[in-house]
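In: Using only what follows, build the 3D model:
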Amino acid sequence: MKLTDIPIKEIVVLGTVMATLASFYYSTGYRLEALEAYAEDVDANSAQLHEVREQSISVNARLQRIDEKLDEVKQKIENVEEMVKERRK
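Out: Presented below is the predicted three-dimensional model:
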């Protein structure tokens, strides 16, 4: 079988299939690279988010301690006010 024995329609169909497969291969590689870059960005953002979360937990703990101290101060002020009232009587 020679190349000249193959009908032009079959050559066109074969060329179309080959072009489709080649474009699929190229676009798959491009999409894979884009996904890998996106995954790297997500990893970097995840690390930053973890750091911010740790800082937030630390700040929340400090705020809770401050609230507790303020409650103690408020209670002491109330006690002093009661003592002042009792002495004025």
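
In: which intervals of the chain have sub-threshold pLDDT?
Out: 1-4 (pLDDT under 70).

In: any idea where the strands of it begin and end?
Out: For the chain, no strands are identified by DSSP state E.

In: all helices for it, in order.
Out: With DSSP state H applied, the chain shows helices at 8-88, listed in chain order.

In: Give me the neighbour count for Gln55.
Out: Gln55 has 10 neighbours, counted by other CB atoms under 10 Å. Placement of C-beta: from N, CA and C, glycine included.

In: separation between it and Asp41?
Out: Going from Gln55 to Asp41 by CB to CB, to the nearest Å gives 21 Å.

In: before we move on, what about Pro7?
Out: 51 Å.

In: Ala47 too?
Out: 11 Å.

In: Repeat that for Gln48.
Out: Separation of Gln48 from Asp41 (CB to CB) stands at 11 Å.

In: cool, and Leu70?
Out: 42 Å.
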